[in-house]
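Visitor: Output the structure for:
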Amino acid sequence: MNLSKGTIPALLATCIQLAAIAALAMTGPVFAPSPTAILAVISVAIGLWAVWSMSSIRWHIAPIPPAAGNIVVRGPYRWIRHPMYAAVIGLTLSWIISQPTQVRVATWVILLVVLGVKIRLEERMLLSSFPDYPGYKERTKAIIPFVI
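Guide: The predicted structure follows:
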């Protein structure tokens, strides 16, 4: 793991992310009824596609770029820089839609904030680690293709 500036906040954000996902999973159904099941299935598929696309490099859940590696630009990374975060957002949104309690909505908002922090931390590290990242960032959206 590359222990550079931002590592501790990135690891802390990852712990909060996992806690929020666990809290959402424990406070309601994780197998969303239709039509939210469609969103859940699409989100899981995007997440698996992203993991498969990164199979040539050593990756981990914390937003810390590997010391030696390249920017992945295949699979969903062709269109968005953070497909795994998009998958988490879509899957957990399907959970919220299926049972929207105040606690779950508040937890989901916390998760969104944490993912936003992780994106900023990760992009800062990627910009300093890979000279071609600025061009890739300019060509792609962060979470939703052609939107944001």
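
Visitor: And the helices in the chain?
Guide: Listed in chain order, the helices of the chain (DSSP state H) span residues 7-26, 36-53, 83-98, 102-129, 133-139.

Visitor: now the fourth one: how far from the chain's centre is it?
Guide: I take that to be helix 102-129. Shown here is helix 102-129, whose average C-alpha point lies 8 Å from the average C-alpha point of the whole chain (C-alpha atoms, centre = their mean, to the nearest Å).

Visitor: Quick one: work out the angle between that helix and helix 7-26.
Guide: Relative orientation of helix 102-129 with respect to helix 7-26: 150 degrees, computed using axes from the mean of the first three to the mean of the last three C-alpha atoms, to 10 degrees.

Visitor: looking at the helices of the chain, which is buried most?
Guide: With neighbours taken as mean count of other C-beta atoms under 10 Å, the helices of the chain reach their highest mean count in helix 83-98, at a mean of 21. C-beta: built from backbone N, CA, C; applies to glycine.

Visitor: so what does that one touch, helix or strand wise?
Guide: If you count contacts as 3 or more C-beta pairs under 8 Å, 6 or more residues apart in numbering; DSSP states H and E, helix 83-98 packs onto helix 7-26, helix 36-53, helix 102-129.

Visitor: Which of those helices sits closest to W79?
Guide: The closest approach between W79 and any of the helices and strands packed on helix 83-98, judged by C-beta to C-beta, belongs to helix 36-53 at 10.5 Å.

Visitor: now for that closest one, which elements pack on it?
Guide: Counting contacts by 3+ C-beta pairs under 8 Å, 6+ apart, helix 36-53 is packed against helix 83-98.

Visitor: Where does pLDDT dip in the protein?
Guide: Scanning the chain for pLDDT under 70 picks out the ranges 1-6, 56-60, 68.

Visitor: Centroid-nearest residue for it?
Guide: Using C-alpha atoms, centre = their mean, the residue of the chain that lies closest to the mean C-alpha position is Y85, 1.5 Å off.

Visitor: Against R124, how distant is I71?
Guide: Spatial separation of I71 from R124 under the definition C-beta to C-beta, to the nearest Å is 15 Å.

Visitor: Cool, thanks, talk later.
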